[in-house]
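Undergrad: Build me a structure from this.
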Amino acid sequence: MNPISIMIVDDEKDLVDTYSEYFSLCGFKTDAAYNGCDAFITYEAIKPDVVLMDLNMPKYDGNYAIEKIKEKYGHAKIFVITGNIDYKFNKNMVNKILYKPIKLKELKEIIIKESKTK
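TA: A predicted model of the protein is given here:
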């Protein structure tokens with residue numbers, strides 16, 4: 001069985017590194033992007049099972065990436081992870097909305113459960 005592949009999208013490099021290290025140790029395949037534009041380009045290249053997407057990023061935000069990914073890949077599983085509950089985005093385009101801070105073990109369980117659903 002192939003490992004679950006996840007793409008972590010956040011402009012906070014330390015957070016991306018922490019998530020990547022944890023999920024790699026758990027047997028996941030991880031990739032990263034640091035803004036919405038890079039997220040779309042990376043998604044097209046690797047087509048991960050799950051995307052962990054921050055919203056508030058400079059350059060191109062999470063909204064940009066969500067719209068571009070869903071426009072071309074409607075089946076994409078995108079989990080928004082944000083610290084800003086007031087940030088405006090189309091909630092119907094994402095599979096889960098999670099709020100920072102989130103425990104990595106809890107996030108891992110959500111990813112495993114959701115990656116099994118179509």
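
Undergrad: contacts, neighbours, all on C-alpha from now
TA: Will do.

Undergrad: Just the C-alpha atoms of stretch 11-18, please, in PDB.
TA: This file holds the C-alpha atoms of stretch 11-18, laid out as PDB (Å, rounded to 0.1, in the frame of the first residue of the first chain):
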ATOM      1  CA  ASP A  11       4.100  30.800   4.600                       C
ATOM      2  CA  GLU A  12       5.500  29.900   8.100                       C
ATOM      3  CA  LYS A  13       8.600  27.800   7.200                       C
ATOM      4  CA  ASP A  14       9.000  26.600  10.800                       C
ATOM      5  CA  LEU A  15       5.500  25.300  10.800                       C
ATOM      6  CA  VAL A  16       5.900  23.600   7.500                       C
ATOM      7  CA  ASP A  17       9.200  22.000   8.600                       C
ATOM      8  CA  THR A  18       7.500  20.700  11.900                       C
END
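
Undergrad: How far off centre is that stretch?
TA: On the basis of CA atoms, centre = their mean, to the nearest Å, stretch 11-18 sits 12 Å off its chain's mean C-alpha point.

Undergrad: Which elements pack onto the helix or strand of the chain at the bottom of the mean pLDDT ranking?
TA: Within the chain, no helix or strand scores below strand 96-99, which has a mean of 92 by mean pLDDT, DSSP states H and E. On a contact count with 3 or more CA pairs under 8 Å, 6 or more residues apart in numbering; DSSP states H and E, strand 96-99 meets strand 78-82.

Undergrad: could you point out which element follows the least confident helix or strand of the chain?
TA: helix 104-115 (DSSP states H and E).

Undergrad: Specify the beta-bridge partners of the residue most central in space within the chain.
TA: With distances taken as CA atoms, centre = their mean, residue 52 lies nearest the centre of the chain, 1.4 Å away. Under DSSP bridges, the beta-bridge partners of residue 52 are residue 8, residue 79.

Undergrad: That one: what's it in contact with?
TA: 6-9, 78-81 (CA atoms under 8 Å, 6 or more residues apart in numbering).

Undergrad: and of these, the nearest to residue 99?
TA: The shortest gap between residue 99 and any of the contacts of residue 52 belongs to residue 81, at 5.4 Å (CA to CA).
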